[in-house]
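1. Quick one, what's the 3D model for this:
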Amino acid sequence: MSLLQEREQLSFEEQCAQLPEVVQRYLVHVRVQKRLADRTCTLYALDLLRLQQFAQEVGQGGPEGLLALQPVHIRRFAAQMHSAGRSPRGIALILSGWRSFFRWAAQQELVPFNPVEGVRGPKAAKPLPKALGVDDSVQLASFHNTDADPWIEARDAAMVEMLYSCGLRVAELAGLDVQPDQSTQQQGRGWIDLVAGDAHVQGKGSKRRIVPVGSKALEALRAWLAQRSLGLTGAAQQAALGEPALFIGRRGERLSTQSVWARIKLRGQQAGLASGVHPHVLRHSFASHMLQSSSDLRAVQELLGHSSITTTQIYTRLDFQHLAQAYESAHPRARRQGDEGKSAASPVQARDVED
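-> Modelled structure (predicted):
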């Protein structure tokens, strides 16, 4: 049996346990010192497992060999991934993970330079974020499922309102506490101030920001908090009373990001929306609708927690696309010859962006 076949039979945790000690130290660093989200730490581990596999193929699989990789190796690995059909964006994300590892290794004086620093993956078209139209967003936010458990309904309605009202990332939503305590800031969580109508959010890179919460979202939050603990019994109710999390599950424990994704997706289906809905779609919708109404790019940047305005500018492209479609469908001189009778231009089927 080959080494690759043996590895494929191991679980993810068993594979991570076989990573070199220097890689284990780095993964502890990103989890503890940098306080990156669990999903991000998992993706970093997967990237480094892939790097070790490539390194073994060129005879550089040991701890010292991994640190001896050169730019020529990294370019070769990127070319192999491209030949295997991996998307340019996927390759860029993997290279970014490797770049971060070697940057840390250079800071620890384990390598003389970062071999990934000058390596770029194949060019990819910048994807437009997928956002709901205003009518669809209002339909989702106003949806009420009379057949659902009132406890679940109140919680899920509040989550939708918070995501659309504040443009939160899913990890930011799941990381909110009802109110701050001694461990809230220490453990990188946010909280809700119902009196001021604000959400104190801890975003990427441990950056904090304050986001105003809309009146409808505050109303939904109060309805949820009124039955947050009362809707549970026994051990689950006791757990909920001691749990600082704003959004909890049936066991009284903090709701995971995966559970939030699943609940939002299901709610979109129940509300009768044709397009798929997930937390980041609501974040994109928040940003797009804010720009359509105010055109204040800097304000949207602050609300979203983007470190660079370049990231926020992608929503101006989405707004222009919306205007262009309205023009082509409504203006009598907009259609090209031969387009008569055709339906208005369909929206671009764009992949989601991650930020």
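2. hey, let's count contacts and neighbours off CA atoms from now on
-> OK.
3. what about the residue nearest to His284 when sequence neighbours are not counted, how many residues close to it?
-> Spatial nearest neighbour of His284, excluding adjacent residues (Cα to Cα, 6 or more residues apart in numbering): Ala131 at 5.2 Å. Ala131 is flanked by 24 other residues according to other Cα atoms under 10 Å.
4. correct me, but Ala131 touches His278?
-> No: the pair Ala131 / His278 is not scored as a contact, 10.2 Å apart, by Cα atoms under 8 Å.
5. Run through the residues that contact Lys204.
-> Leu36 (Cα atoms under 8 Å, 6 or more residues apart in numbering).
6. So it versus Leu19, what's the distance?
-> For Lys204, the distance to Leu19 equals 26 Å [Cα to Cα, to the nearest Å].
7. low pLDDT regions in the stretch 101-250 of the chain?
-> Across the stretch 101-250 of the chain, the ranges flagged by pLDDT under 70 are 125-128.
8. distance between the ends of stretch 244-251?
-> Stretch 244-251 stretches 14 Å from its first residue to its last (Cα to Cα).
9. just checking, Cys41 touches Leu27?
-> Yes: between Cys41 and Leu27 there is a contact under Cα under 8 Å: 6.9 Å.
10. Check the secondary structure at the residue nearest to His284 for me.
-> What DSSP: H, G, I helix; E, B strand; the rest coil gives for Ala131 is coil.
11. Give the full set of residues in contact with it.
-> Ala131 neighbours (Cα under 8 Å, 6+ apart): 281-282, 284-285, 288.
12. try Ala287
-> By Cα under 8 Å, 6+ apart, the neighbours of Ala287 are 167, 300, 304, 315.
13. Report the buried residues of the host helix or strand of it.
-> Applying DSSP states H and E as the criterion places Ala287 in helix 279-294. Residues of helix 279-294 classed as buried under the neighbour-count rule (16 or more other Cα atoms under 10 Å) are 279-292.
14. After it, which helix or strand is next?
-> The C-terminal neighbour of helix 279-294 among helices and strands, as given by DSSP H and E, is helix 297-304.
15. in that next one, what counts as buried?
-> Neighbour count says helix 297-304 has 297, 300-304 buried, by 16+ other Cα under 10 Å.
16. how does this structure divide into domains?
-> Domains of the chain are assigned by automatic domain parsing as 3-107, 129-355.
17. so can I have JSON lines of those domains showing distance to Asn114?
-> Output for these, formatted as JSON lines (distance: least, Cα to Cα, whole Å):
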{"stretch": "domain 3-107", "distance to Asn114": "5"}
{"stretch": "domain 129-355", "distance to Asn114": "21"}
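18. Those: which one's closest to Pro122?
-> Closest to Pro122 of those is domain 3-107 (Cα to Cα; 5.4 Å).
19. hmm, back to that, out of the contacts of Ala287, which comes closest to Ser100?
-> Among those, Leu304 lies closest to Ser100 (Cα to Cα), at 23.7 Å.
20. Contact partners for that closest one?
-> Here Leu304 is in contact with 167-168, 287 (Cα under 8 Å, 6+ apart).
21. Tell me the one among the residues you listed nearest to Arg228.
-> Leu168 (21.0 Å).
22. any idea how far the residue nearest to His284 lies from Met290?
-> Ala131 is 12 Å from Met290, where distance means Cα to Cα.
23. which SS class is the residue lying closest to His200 once chain neighbours are set aside?
-> Distances taken as Cα to Cα, 6+ apart place Ile210 nearest to His200, at 4.6 Å, with adjacent residues excluded. Three-state assignment for Ile210 (three-state DSSP): strand.
24. Distance of Ile210 relative to Gly175?
-> 14 Å.
25. Name the residue in the two with the higher neighbour count.
-> Between Ile210 and Gly175, Gly175 has the larger neighbour count (other Cα under 10 Å), namely 25 against 18.
26. what sits against the residue nearest to the more buried one when sequence neighbours are not counted?
-> Nearest non-adjacent residue to Gly175, counting by Cα to Cα, 6+ apart: Arg189, 5.1 Å away. By Cα under 8 Å, 6+ apart, Arg189 lies in contact with 172, 175-177, 201-202.
27. Next step: these restricted to helices.
-> In this view, the contacts of Arg189 that belong to helices under DSSP state H are Glu172.
28. So which of the contacts of Arg189 belong to strands?
-> Among the contacts of Arg189, the ones falling in strands (DSSP state E) are 176-177, 201-202.
29. Among those, which one lies nearest to Lys216?
-> Nearest to Lys216, judged by Cα to Cα, of these is Leu176 at 18.1 Å.
30. do you know how far Gly188 is from Ala79?
-> 38 Å.
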